[in-house]
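Visitor: Provided below for reference: sequence and predicted model.
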Amino acid sequence: MKAIQNKAIEVLNKNWKDGFSVPCANLYPFQWFWDSGFIAIGFAHFDMPKSEKEIETLLDSQWGNGFIPHIIFHTESDTYFPGSDFHRSDLHVQASREYRSTGMTQPPVTGFVLQEMYRISKDKKATLKFIEGVIDKVYDNHNYFYTNRDPQNEGLIYIYHNWESGTDNSPIWDDIWATMNPPEYTFERRDTTHVDASERPSKREYDHYLHIIDIAKEHNYKDEKIAELSPFLVQDPLFNTMLIKSNESLIDLYQLIGDNQDKIAQLEKWQNQAIESFNNKLFDKELGAYIHYDLRNEKPLRFVSSSSFSPIYANIPSKEKAAILVKTMMDKFGNDHQYLCASFDPTSERFNPKKYWRGPVWVNLNWILYKGLIQYGYNDIAKRVKEDTIEIIEKNGFYEYFDSRKEEHVDGKAGYGGKDFSWSAALLIDMLN
Ligand code: DGY
């Protein structure tokens, strides 16, 4: 086991850029929000100063209204499109004047990442001191979400762009693309010079992605305008799970720090409403899984993906609902020919085991499911998720994502997307320890 762990450490150190980490070379040459969080968990096991710095740099990019962007463009790079000139975060009145970034966010992992760092730390006193110095920024980020991203006051946050979900080209979004007809943009793709086009989103999908950004830019990234006009407005179970888990972590950490009764009370209020609405609105009895909700077109998006099972990580389902979820996961995603856990329903005609978030296995979702399964006492299935994760990495290397079909893993070529990918390394280290 030691050899693979040493390799993982090498990957993380290689992707460290003096203050933050890139997800991987060339394909993703900047700092990404949720990547940074998962990377900090990996570093916490062997280099706490880097773990802390990763989070500090991320939080430094925070806007005046508490928003944290999805990409922070620390350097110039011509290996990535669309770059800072396209995104133009400076259009927002409260954007950071120091860092150029996108004007969209990503799943809010920071709260639970701080708690993981504390759990892993061998010097809890020093780590709690670090947390005390940054925790209010994370609280402000949650306040941003509940104040600006919940127009009907449900306790559920919307995302306005598929890149905010983290599951960029999920087949779930196909239903939304069908409601849009964006112009054909002229641009030069950079991702497909690093990675085979069959593993990435299509040109036409990118037209949709760019068009949503253009609408937000026309209104200087004002939240009220985005809520009114964005053709993409979705309540995403994975995104809301990350926020709810982070709420819980902030409550625990504020209690450890002491003296923060007002913030704890506010977090509990958000939390209670969020969990209730989540179960009432996003659980689909017939499918036996949590689903996405299209707030723009007021309709449920009735598909099962790995995001559908993520709520077990944040203690959202009752024991009974968790049992239903696990059954759905094993029935649809867990037969002997599949590695756990495909990112999209393998029994659906939209499933594609090679293409980014349309089917491949991702290490971060496996880590989330692994932790959640243990919380609910599904130790055998958790063990399988862990063993599958180790096996696909051992067979192929630290890729960004992996073919979910076992029979494809014969010649070490079933790892796709970016190579030496940071969170695959970081979360493997955490699973092994
Ligand atoms: C990309 O460029 O594919 C990124 O995932 C956006 O976050």
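Guide: Okay, I see it.
Visitor: which residue ranges form the strands in the stretch 51-200 of the chain?
Guide: Under the criterion DSSP state E, counting those that start in this stretch, strands of the stretch 51-200 of the chain are mapped to 71-72, 158-159.
Visitor: Which of these sits closest to the ligand?
Guide: The ligand lies closest, by Cβ to the nearest ligand atom, to one member of the strands of the stretch 51-200 of the chain: strand 71-72, at 6.4 Å. All C-beta atoms are positioned from the backbone trio N, CA, C, and that covers glycine.
Visitor: In the stretch 301-433 of the chain, what residue comes closest to the ligand?
Guide: Counting by Cβ to the nearest ligand atom, the stretch 301-433 of the chain gets nearest to the ligand through Tyr356 (7.8 Å).
Visitor: ok so, going back, could you export the strands of the stretch 51-200 of the chain as TSV, including mean pLDDT, distance to the ligand and mean neighbour count?
Guide: Below are the strands of the stretch 51-200 of the chain laid out as TSV (pLDDT from 0 to 100; distance: least, Cβ to the nearest ligand atom, whole Å; neighbours: other Cβ atoms under 10 Å):
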stretch	mean pLDDT	distance to the ligand	mean neighbour count
strand 71-72	98	6	25
strand 158-159	98	12	26
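Visitor: and of the ones you listed, who's closest to Ala426?
Guide: strand 71-72 (18.1 Å; Cβ to Cβ).
Visitor: what does stretch 14-28 contact?
Guide: 12, 29-32, 35-36, 39, 50, 53-54, 57-58, 72, 74-75, 79-80, 191, 194-195, 400, 417-423 (Cβ atoms under 8 Å, 6 or more residues apart in numbering).
Visitor: same thing with stretch 114-134?
Guide: Identification of contacts with stretch 114-134 by Cβ under 8 Å, 6+ apart yields 40-41, 44-45, 48, 51-52, 55-56, 59, 135, 138, 249, 252-253, 256-257, 430, 433.
Visitor: 7 Å instead, please
Guide: Contact partners of stretch 114-134, identified using Cβ atoms under 7 Å, 6 or more residues apart in numbering, comprise 40-41, 44-45, 48, 51-52, 55-56, 59, 135, 138, 249, 252-253, 256-257.
Visitor: Need the CA coordinates for that stretch. PDB is fine.
Guide: C-alpha atoms of stretch 114-134 as PDB (Å, rounded to 0.1, in the frame of the first residue of the first chain):
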ATOM      1  CA  LEU A 114     -12.000  22.400   7.800                       C
ATOM      2  CA  GLN A 115     -13.500  19.700  10.000                       C
ATOM      3  CA  GLU A 116     -11.600  17.000   8.100                       C
ATOM      4  CA  MET A 117      -8.400  18.900   8.600                       C
ATOM      5  CA  TYR A 118      -9.100  19.100  12.300                       C
ATOM      6  CA  ARG A 119      -9.900  15.400  12.500                       C
ATOM      7  CA  ILE A 120      -6.700  14.500  10.700                       C
ATOM      8  CA  SER A 121      -4.500  17.000  12.500                       C
ATOM      9  CA  LYS A 122      -1.900  15.700  15.000                       C
ATOM     10  CA  ASP A 123      -1.700  19.100  16.600                       C
ATOM     11  CA  LYS A 124      -5.400  19.900  17.200                       C
ATOM     12  CA  LYS A 125      -4.800  23.000  19.200                       C
ATOM     13  CA  ALA A 126      -2.800  24.600  16.300                       C
ATOM     14  CA  THR A 127      -5.300  23.500  13.700                       C
ATOM     15  CA  LEU A 128      -8.200  24.900  15.700                       C
ATOM     16  CA  LYS A 129      -6.300  28.200  15.900                       C
ATOM     17  CA  PHE A 130      -6.000  28.200  12.100                       C
ATOM     18  CA  ILE A 131      -9.700  27.400  11.800                       C
ATOM     19  CA  GLU A 132     -10.600  30.200  14.100                       C
ATOM     20  CA  GLY A 133      -8.800  32.600  11.800                       C
ATOM     21  CA  VAL A 134     -10.800  31.600   8.700                       C
END
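Visitor: what mean pLDDT does it have?
Guide: Averaged over stretch 114-134, pLDDT sits at 98.
Visitor: Show me how far that stretch is from its chain's centre.
Guide: 22 Å (Cα atoms, centre = their mean, to the nearest Å).
Visitor: just stretch 35-50 next, same as before
Guide: So, by Cα atoms, centre = their mean, the centroid of stretch 35-50 is 16 Å from its chain's centroid.
Visitor: Ok, stretch 373-389 next?
Guide: Counting by Cα atoms, centre = their mean, stretch 373-389 comes out at 20 Å from the chain centroid.
Visitor: just to revisit the earlier point, from the contacts of stretch 114-134, which land in helices?
Guide: 40-41, 44, 48, 51-52, 55-56, 59, 135, 138, 249, 252-253, 256-257 (DSSP state H).
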